[in-house]
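Colleague: Here you go, sequence then predicted model.
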Amino acid sequence: MWTKQQIEYHKKAARSLIKIKDLTFDLLRRDRSISEHETQQFIIGKYNEYGLETDKYPPIVAFNKNSAIPLYYPKKISEKLKDNTLVLIDLWARMGTEGAPFADITWVAFSGKKVPTEIKKVFDIVIDSRDSSLGYIVDRLKNNEIPTGNDIESVGFGIIKEGGYEKNILHELGHSIGTREDHGPKPNWIYKRNKRRLVKNLAYTIEPGIYLKDKFGIRSEIDFFISDNNEIVLTTDPQKEIVLL
């Protein structure tokens, strides 16, 4: 459970990450041959500019088939942007203040005139999974019931399974957010082994993903917390459409 000050630190970090996300996509629109690693270093530079710091892992920047690897960190020699490229970026950082919590977002974009049908189909299922998970939490809160991590993941992953992509689920639906590391202690994650109710005033991610090996991966990640009066508070913008570059 976070203090009011910690929640404000989290919200500030979240707002900064959204700005850095937008700046990153603007960069990709200007530089049509930039590499994954160069994009990653741009993001790290923006962390410093915005007074943010990260944990031991750098931000994820993945093009095309590399986006099918959930934890992909580009090396110095890496894929370059070209026409018809799917881009996935996963950013997490915290204010450089003791006890400040992280914020964490994942967005996808496409460098081309039209998003391919298969990519759009997978994206829509991922967004439905994310939003159905949120909707389930809201419904339970209306009944003054805080759901468990297990129940929320069952709803979110149920959407992906119904879409025919059960074998393409490679990680949990979400996790609690920490102050020393992006991920909080695993017992508090939104996943099947957590049969306890979520904790109020502690932020969590919801980040369903579908990963097609050697083709592409789609993930959408948002942050939220449950307030004292049982309301869900989103602290990051939910992606609704694939960003065209």
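Modeller: Here it is on my side, so go on. Numbers count the residues shown, from 1 in each chain.

Colleague: quick one: contacts for the residue nearest the centre of the chain?
Modeller: In the chain, the residue lying closest to the centroid (Cα atoms, centre = their mean) is residue 221, at 2.5 Å. For residue 221, the contact set (Cβ atoms under 8 Å, 6 or more residues apart in numbering) comprises 90, 104-107, 205-207, 236. Where C-beta positions appear, they are placed from N, C-alpha and C, glycine not excepted.

Colleague: Who does it form a beta bridge with?
Modeller: Beta-bridge pairing of residue 221 under DSSP bridges involves residue 106.

Colleague: So residue 120 belongs to a helix, correct?
Modeller: Yes: counting by DSSP: H, G, I helix; E, B strand; the rest coil, residue 120 is located in a helix.

Colleague: In terms of pLDDT, where does residue 170 sit?
Modeller: Turning to residue 170, the model gives it a pLDDT of 98.

Colleague: wait, isn't it in contact with residue 70?
Modeller: Yes: counting by Cβ atoms under 8 Å, residue 170 does reach residue 70; the two are 5.3 Å apart.

Colleague: list residues touching both of those two?
Modeller: Residues touching both residue 170 and residue 70 comprise 209, 211, with contact defined as Cβ under 8 Å, 6+ apart.

Colleague: and residue 134, that's in a strand?
Modeller: No: with three-state DSSP as the criterion, residue 134 is helix rather than part of a strand.

Colleague: That one: what's it in contact with?
Modeller: Taking Cβ under 8 Å, 6+ apart, we find residue 134 in contact with 206, 222, 224, 232, 234.
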